[in-house]
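> Any chance you can model this:
(2 chains)
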Amino acid sequence: MRTTITKLALGGALALALSACSSVGGGGVGLSPYGLVRAGQTYNVGSGAMSVTSPREWNRQGGFSFNDVRWVEDWTLNGPYLDGVTFVTGLPDNKRLIWQEYKADRQVPRFRSTMTAPEVASLLETLFRVEGGAVEFRTLGLAPRTFLGTNGFQLDFEHLDGDEVWRKGRAVGAVIDGRLYLILLDAARAHYYPQALPDYEAMVRSAVRRR
Amino acid sequence: MSELSRRAMLAGTGAALVAAPASARISPNSLKPLIGPGYRPTETDEKGLWQQMERVEEEVAGSNLLIRDPALNSYLQGLIGKVGGPAAKDMRIYLARVPEFNAMMFPTGFTVFFSGLLLRMRDEAQLAGVIAHESSHFLLRHQIRSWRDMKRKTNIFAGLAMAAGMAGGVTGTYTGDLVRLAELGTILTLFRYSRQLEAESDALGVKLIADAGYAPLSMSETWDQLITELEWSAKERRKRVDRGYSLFATHPAPRERLKDLAVSAQELTVPGRSYDRGRERYLKALAPIRASLFDDQVRLNDPGASQYIVETLARDGWNGTLLFYRGEVHRLREGIQNQQAAALNYAQAVTYPDAPADAWRWHGVMLMKQGRVAEGRTALSRYLTMAPSAPDAPFVRQMIQG
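Okay, the predicted model is just below:
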C-alpha cells in the first residue's frame, strides 16, 4: 500500500485481477478494479454522504478490498503508487479509516467525535506510518479552512516511504455533527502531486454534504 | 511454557538444573578472532559471496533511508574502532531510519543498524555491546560458515527460492525496502545464525566490550530489555509473544542467552575496576536525532512496546521529554482513561525545563478539551512562543482566538 490510504493498493488490485472480478461503474473493462469517473459529472462517494465533481477523468477504485470501510473511497489518476484521492464521508465516532485486525501490534487509532484538528492530523500521520510504511513523516502546515460550508482545516504533509519515494499530501476536512468528512490527496512529490493538485482543489470546492 | 509449569519442571528434574547455568554457554576466553586486519577471501565460493555483497553494499550506501548525520556516523564508526577487535578498521556501519531494533553484519564487514536500536539503548556501553556482538559475527566468519553449512544440507537453489518467498512475507514488521534491496532479504534469511553461532558472538562480544572498559553486564541487560519489550507489546494486544519479529527472525534470543551473558559478564568483571557506561557521551551523540527516533516509535501506536521503551529509558530519571512521549503513547490508545493519562503526562512534562514545544501544544489542546479554556490558551501561547514558525501555528492561533 503506497498512496491510497484505505486499500492495500497493489495487493488488492492484483488479487482482483487474478480472480477476474468485473469493474464497478461504467467504462472499465473486464479485469480492472477501477471504474471511470467522467469529467464534469457529479458522483456520490464513500457512504454516499458527500458528492464531488471532477474537472477531469479519474479512476474510481471499487469498494471490495478486504480492508475497506464503507465511509472511505479512493480515486487515482495514474495508479495508486503515483497518486490518489481519498474521500472520507461521515466517519462515525469510534470507527477507523481502515479495517484492521484487532490484534495488530500497530493500530491506526479510532476516530473520536470530540477530536480537534491537531488530533485528526495526528491520526492521519499514524495511518501513513502504520499502514503506508512511511519511514519519515513531516507536517508542512495545519491551518483553518472552510470545508462543506463549515469551519474545517487544511493539513499539508510529506512522507518518505519504504520504497524510498517522497510523497506529498493535502487533506481538507471538518468534523460535522461528530462525524469526520475529509478529502485527501497523496501523490509522488515530484511531478504527480503538482499535477493532481488543481483537480483535487476543484473536487474540494465542489464537495457537497448530502445528508 | 507458563511460569508455573516451568517451576514444576525444574522441581521435577532436581536442583542441579536450577543451579547450573545453561549448558551451552561458551566461555569468552575460549574464543579467538579468526581473521585479522585486511582479511580477503581466497577460496572461490567466498570470493563469489564477497562480490555479491559489494553490490549490496553499494545499494545500501546509496539508500535515502540512511541517516547521514556526519557527527553521529563518525561516533558510531569510532565505537567500532573501540570494540571491533583486530578487524575494526575494515568494518563499515550504516544507520538506516527504520523504527525497529535490529542490526545485521554482512560477510564483507559492513553492518546495517536500524535507528530503532539507538532509541532503545540507555548508554554507550549497551550500544557498544550490540556493535561488539555484530563485529564478532564477522571476526568469527559466521556468515561464510553458515552459508557453507546450508549449502551442504540443501540444494542451494531451492533454498534461495524458498528464502526469497519468506523474505517477502515479513510478518507485520516493517523493515523498509532496505531489506528488499538486491538479494538482501534472501541473504539475511540464509544468514540466520544458529544458536551456537549466536552464543559464540555473545561470548566474544562481551569480551570485546570488557577489554574496552565497558560494563560487561550491559549486554545481558540489552537482551533483557528486548525480550521484555516484546512481552509488553504482546500483552497490550492480548496475545502471545510469537510474532515474526524481525530481530528474532535473525537472532534467536531465549532467556537462557541473557543468563549466559550475565554469567560471562561476571567472569570477566575484575573486582575493584571501574567500568564505563558512557551515558552522557551517548546522549550527546544521539541528541540531533533523538526526538525523531521517539516520534518514529511512538507514532506507530504499538503502545505496549513504546511504553516499555519510555519507562526503560526513565530508569535513569524522568524528564520533560520522556513524560511527553509517555503522554503521546496514551493519547494514541483507546479509552477515556488513556486520554486522561495523556493529559496528565503532558501537564507533568511541561513542569520540566527540557519539555519540547510539542508538549505545550498538546497540554493546551487537552486543557481546551477539558473546558479549561483560559489555561489552554496560555499553554498554546507558550507553544507559539517556543515554536513561532511551527507548521500548525496558523491553526493554533485560531484555537487561541477561539
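
> where does the stretch 1-150 of chain B come near chain A, residue by residue?
Neighbours of chain A within the stretch 1-150 of chain B, by Cβ under 8 Å from any Cβ of the partner chain: B:63-65, B:97-99. Every residue, glycine included, has its C-beta placed from N, CA and C.

> Retrieve the pLDDT associated with residue A:11.
Per-residue pLDDT puts residue A:11 at 32.

> ditto for residue B:159
On the pLDDT scale, residue B:159 gets 48.

> okay, how far is it across stretch B:94-103, tip to tip?
This stretch, stretch B:94-103, spans 10 Å end to end (Cα to Cα, to the nearest Å).

> can you give me how far it is from the chain middle?
Distance of stretch B:94-103 from the chain centroid (Cα atoms, centre = their mean, to the nearest Å) equals 7 Å.

> I'd like the average pLDDT over that stretch.
89.

> got it, and stretch A:170-184?
Per-residue scores along stretch A:170-184 average to 98.

> Next, the buried residues of that stretch.
A:170-176, A:179-184 (16 or more other Cβ atoms under 10 Å in any protein chain shown).

> and the two most separated of those residues?
A:170 and A:179 (20.6 Å; Cβ to Cβ).

> tally of neighbours for residue B:58?
11 (other Cβ atoms under 10 Å in any protein chain shown).

> That one: what secondary structure?
With DSSP: H, G, I helix; E, B strand; the rest coil as the basis, residue B:58 sits in helix.

> who touches it in this structure?
Residue B:58 makes contact with no residue, according to Cβ atoms under 8 Å, 6 or more residues apart in numbering or on different chains.

> now the residues of the stretch 1-150 of chain B next to chain A: which count as buried?
Buried among those (16+ other Cβ under 10 Å): B:63, B:65, B:97-99.

> Residue B:78 belongs to a helix?
Yes. According to three-state DSSP, residue B:78 belongs to a helix.

> Settle this for me: residue A:156 is touching residue A:169, isn't it.
Yes. Counting by Cβ atoms under 8 Å, residue A:156 does reach residue A:169; the two are 7.3 Å apart.

> more neighbours, those two?
Neighbours were counted for residue A:156 and for residue A:169 using other Cβ under 10 Å; residue A:169 has more, 27 against 18.

> Quick check: the gap between that one and chain B.
Using Cβ to the nearest Cβ, to the nearest Å, we find residue A:169 at a distance of 13 Å from chain B.

> name the helices or strands packed onto the helix or strand where that residue lies?
According to DSSP states H and E, residue A:169 maps onto strand A:166-176. Using 3 or more Cβ pairs under 8 Å, 6 or more residues apart in numbering or on different chains; DSSP states H and E, the elements in contact with strand A:166-176 are helix A:117-130, strand A:134-147, strand A:150-161, strand A:179-188, helix A:192-206.

> State the phi and psi torsions of residue B:263.
Dihedral angles of residue B:263 (phi, psi; degrees, to the nearest 10) stand at phi -60, psi -50.

> What about residue B:308, how many residues nearby?
With neighbours defined by other Cβ under 10 Å, the count for residue B:308 comes to 23.

> Would you verify that it is located in a helix?
Yes. Assessed by three-state DSSP, residue B:308 belongs to a helix.

> The closest residue to it other than its chain neighbours sits in which helix or strand?
Taking Cβ to Cβ, 6 or more residues apart in numbering or on different chains, and ignoring the residues beside it in sequence, residue B:308 has residue B:232 as its nearest neighbour in space, at 4.1 Å. Using DSSP H and E, residue B:232 sits within helix B:218-236.

> Convert the C-alpha atoms of that helix to PDB, please.
Only the C-alpha atoms of helix B:218-236 are listed here, as PDB (Å, rounded to 0.1, in the frame of the first residue of the first chain):
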ATOM      1  CA  SER B 218      25.300  -4.200  29.800                       C
ATOM      2  CA  MET B 219      24.900  -6.900  27.100                       C
ATOM      3  CA  SER B 220      22.600  -9.100  29.100                       C
ATOM      4  CA  GLU B 221      20.600  -6.000  30.100                       C
ATOM      5  CA  THR B 222      20.100  -5.200  26.500                       C
ATOM      6  CA  TRP B 223      18.700  -8.600  25.700                       C
ATOM      7  CA  ASP B 224      16.500  -8.500  28.800                       C
ATOM      8  CA  GLN B 225      15.100  -5.200  27.600                       C
ATOM      9  CA  LEU B 226      14.300  -6.600  24.200                       C
ATOM     10  CA  ILE B 227      12.600  -9.600  25.300                       C
ATOM     11  CA  THR B 228      10.600  -7.700  27.900                       C
ATOM     12  CA  GLU B 229       9.600  -5.200  25.300                       C
ATOM     13  CA  LEU B 230       8.100  -7.900  23.100                       C
ATOM     14  CA  GLU B 231       6.200  -9.300  26.100                       C
ATOM     15  CA  TRP B 232       4.700  -5.900  26.900                       C
ATOM     16  CA  SER B 233       3.800  -5.300  23.300                       C
ATOM     17  CA  ALA B 234       2.000  -8.700  23.100                       C
ATOM     18  CA  LYS B 235       0.300  -8.300  26.400                       C
ATOM     19  CA  GLU B 236      -1.200  -5.000  25.300                       C
END
